[in-house]
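K.L.:
quick check, what structure comes out for this input:
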Amino acid sequence: MIFYFSATGNSKALAEAIAQTIGDKTADISSLLAQESIIYNFCNDDEPLGFVFPIYGWSLPNIVRTFIGKLTLLNYSNRYTYFAVTCGDDVGVADRPISEAMAAAGLTLDAGYSILMPDCYVCLPGFDVDSDEERMKKLSHFNTRVKEVAKHIEERSRIMDINRGALPWLKTNVLGALFRRYLVTDKPFRTTTDCIGCGTCVKVCPMHNITLEDKRAMVNGQQSVSVKWHGNCTGCLACYHHCPTRAIRFGRRTEKKGQYLLAKYKEEIAPRE
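P.N.:
Okay, here's the model as predicted:
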């Protein structure tokens, strides 16, 4: 079984590609978290356990940490367990907090893999979505990397095949700690008058953290609504990237920044004959 979390489509595509290659199945973490209890029973003695998700602040997203803590596994003993993470650049020493979260839930981590995917973090100066050239370059390596990761999983390799980058400890434990403390928040979110009240942000939020409130005054001849965030944010930016009118802002930090959804570029990772 592969449990995955994805906000812009990168990690979902990775989970599905690995599952197709090794003959496994996938389950969406954000959908499962809505259940009162999360129980999975392994029926096949050799079935591996995988977690696929994006790296946030050189660590795992809060939603994934919560999910691992709530997950109950039956017949788990001696099960090959791995993670495969998507990242725009590097992952620091993210394997350490990931391993700690798994250990706290009674899981033993055997392997980890990182896969370079288009960047979608836009909430700090100097951070934006990748250029067309950079995006295409990253996606052109997707299928090759999936095959490499899948081969390791099939061989039950005990390996940490991740791109730590420069100063990995500093990134995860200092810069990442600051990121998780001050930037994983919904307080700066707001909408502009371009909001049409379509409710897309409500539907895509994995934390069910957004609601449409009472109607506001007429704007440009249309009656708009107020979008409200409720303080339970995992920092995924799904609301921002899915907004069809680019009406969502993270303070002033995302003005003139781009949007990214893998669905718009799926042909770039389509297997070639």
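K.L.:
can you list the domain ranges for this structure.
P.N.:
2-183, 189-258 (automatic domain parsing).
K.L.:
return the most buried member of those domains.
P.N.:
Of all these, domain 2-183 has the most neighbours on average by mean count of other C-beta atoms under 10 Å, namely a mean of 18. Heads up, the C-betas are built off the backbone N, CA and C, glycines and all.
K.L.:
quick check: end-to-end length of that one?
P.N.:
One end of domain 2-183 to the other measures 28 Å (C-alpha to C-alpha, to the nearest Å).
K.L.:
where does the stretch 101-250 of the chain dip in pLDDT?
P.N.:
In the predicted model of the stretch 101-250 of the chain, residues 214-224 satisfy pLDDT under 70.
K.L.:
any idea which of the domains of the chain gets closest to residue 266?
P.N.:
When those are compared for distance to residue 266 using C-beta to C-beta, the nearest one is domain 2-183, at 7.7 Å.
K.L.:
any idea how far the closest one is from the middle of the chain?
P.N.:
On the basis of C-alpha atoms, centre = their mean, to the nearest Å, domain 2-183 is displaced by 8 Å from the centre of the chain it belongs to.
K.L.:
same check on stretch 180-187?
P.N.:
16 Å.
K.L.:
quick one: secondary structure of residue 139?
P.N.:
helix (DSSP: H, G, I helix; E, B strand; the rest coil).
K.L.:
tell me how far it lies from residue 13.
P.N.:
9 Å (C-beta to C-beta, to the nearest Å).
K.L.:
could you name every residue contacting both of the two?
P.N.:
residue 269 (C-beta atoms under 8 Å, 6 or more residues apart in numbering).
K.L.:
if we can go back for a sec, closest one to residue 265 among the domains of the chain?
P.N.:
Nearest of the domains of the chain to residue 265, taken as C-beta to C-beta: domain 2-183 at 6.4 Å.
K.L.:
touching, residue 192 and residue 243? I think so.
P.N.:
No - applying C-beta atoms under 8 Å as the test, residue 192 and residue 243 come out as separate, 9.9 Å apart.
K.L.:
okay, and the common contacts of these two?
P.N.:
With C-beta under 8 Å, 6+ apart as the test, residue 192 and residue 243 reach no residue in common.
K.L.:
please settle this for me: is residue 213 part of a strand?
P.N.:
Yes - Residue 213: assigned to a strand according to three-state DSSP.
K.L.:
dump the residue contacts of it.
P.N.:
Taking C-beta under 8 Å, 6+ apart, one finds 225, 226, 227, 228 in contact with residue 213.
K.L.:
and which of these is nearest residue 187?
P.N.:
Closest approach between the contacts of residue 213 and residue 187, by C-beta to C-beta: residue 228, at 11.9 Å.
K.L.:
element containing that closest one?
P.N.:
Assessed by DSSP states H and E, residue 228 sits inside strand 222-229.
K.L.:
same check on residue 65?
P.N.:
helix 62-70.
K.L.:
which residues are contacting that helix?
P.N.:
With C-beta under 8 Å, 6+ apart as the test, helix 62-70 has contacts from 3, 5, 29-30, 32-33, 37-38, 51, 53, 101-102, 104-105, 107, 180, 184, 206-207, 234-236.
K.L.:
which ones among those residues lie within helices?
P.N.:
Residues of the contacts of helix 62-70 located in helices (DSSP state H): 29, 30, 32, 101, 102, 104, 180.
K.L.:
gap between the residue lying closest to the first one once chain neighbours are set aside and residue 206?
P.N.:
Looking back up the chat, that one is residue 29. Nearest residue to residue 29, sequence neighbours excluded (C-beta to C-beta, 6 or more residues apart in numbering): residue 5, at 4.2 Å. Separation of residue 5 from residue 206 (C-beta to C-beta): 7 Å.
K.L.:
same question, residue 247
P.N.:
Residue 247 is 20 Å from residue 206, by C-beta to C-beta.
K.L.:
looking at the residue nearest to residue 29 now. What's its pLDDT?
P.N.:
Residue 5 carries a pLDDT score of 98 in this model.
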